[in-house]
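A.B. asks: this one's structure only:
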């Protein structure tokens, strides 16, 4: 705190808070304190400032989040705050099951036959299975029927 540079008034010993420590107000003593009228964001910010992170109270992993047991972010009583890891917090809030359901199907297309070899697979590029798409990308021609049913390796010499 004791930056002695003359041009840095805000961090130096000349700052008004160092000269008048009795006038510094925090929390409910601050002139702009809103108490229960605070926003949800302010309630979460108060919890971050008031409760240090430690191990997860359920599984023992590194706790990275503060959970309000009564789901009210403005209630920052120590009995209402629980330090949790991300997985346990999502499990308690019911977000884990929704995440598993949506992420398992997100971005996946239904299996269809490949336009080159006819193998039933999720299309990789332009209707081709992964092996046919890789062959086409590396050689510029469709994969020949002699290679259908085999896995294409980039080291494999393409047959014209």
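C.D. replies: Thanks, I have the structure now. Just so it is clear, the structure is predicted and the values come from calculations on it, not from any experiment.

A.B. asks: please give the element, helix or strand, for residue 87.
C.D. replies: helix 86-93 (DSSP states H and E).

A.B. asks: so which elements touch that helix?
C.D. replies: Applying 3 or more CB pairs under 8 Å, 6 or more residues apart in numbering; DSSP states H and E, one finds that helix 86-93 contacts strand 65-68, helix 95-105. C-betas here are computed from N, CA, C, even on glycine.

A.B. asks: will you turn those into TSV that also has mean pLDDT?
C.D. replies: Formatted as TSV, these follow (pLDDT from 0 to 100):
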stretch	mean pLDDT
strand 65-68	92
helix 95-105	77
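
A.B. asks: turn these into JSON lines, columns for mean neighbour count and distance to residue 148.
C.D. replies: Below are the helices and strands packed on helix 86-93 laid out as JSON lines (neighbours: other CB atoms under 10 Å; distance: least, CB to CB, whole Å):
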{"stretch": "strand 65-68", "mean neighbour count": "18", "distance to residue 148": "51"}
{"stretch": "helix 95-105", "mean neighbour count": "11", "distance to residue 148": "29"}
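
A.B. asks: for residue 47, find the nearest of these.
C.D. replies: strand 65-68 (4.7 Å; CB to CB).

A.B. asks: direction included, what does the following helix or strand past that closest one pair up with?
C.D. replies: Note on strand 65-68: by DSSP H and E, the next helix or strand toward the C-terminus is strand 81-84. Applying DSSP bridges, strand 81-84 is found paired with strand 65-68 (antiparallel).

A.B. asks: how far does the strand it pairs with sit from its chain's centre?
C.D. replies: In terms of CA atoms, centre = their mean, to the nearest Å, the centre of strand 65-68 is set 15 Å apart from its chain centre.

A.B. asks: mind listing residues that contact that strand?
C.D. replies: Applying CB atoms under 8 Å, 6 or more residues apart in numbering, the contact partners of strand 65-68 are 44, 47-48, 51, 53, 75-76, 80-86, 89, 92-93.

A.B. asks: tell me where this protein has helices.
C.D. replies: Taking DSSP state H as the test, the helices found in the chain are 16-19, 40-50, 86-93, 95-105, 130-139.
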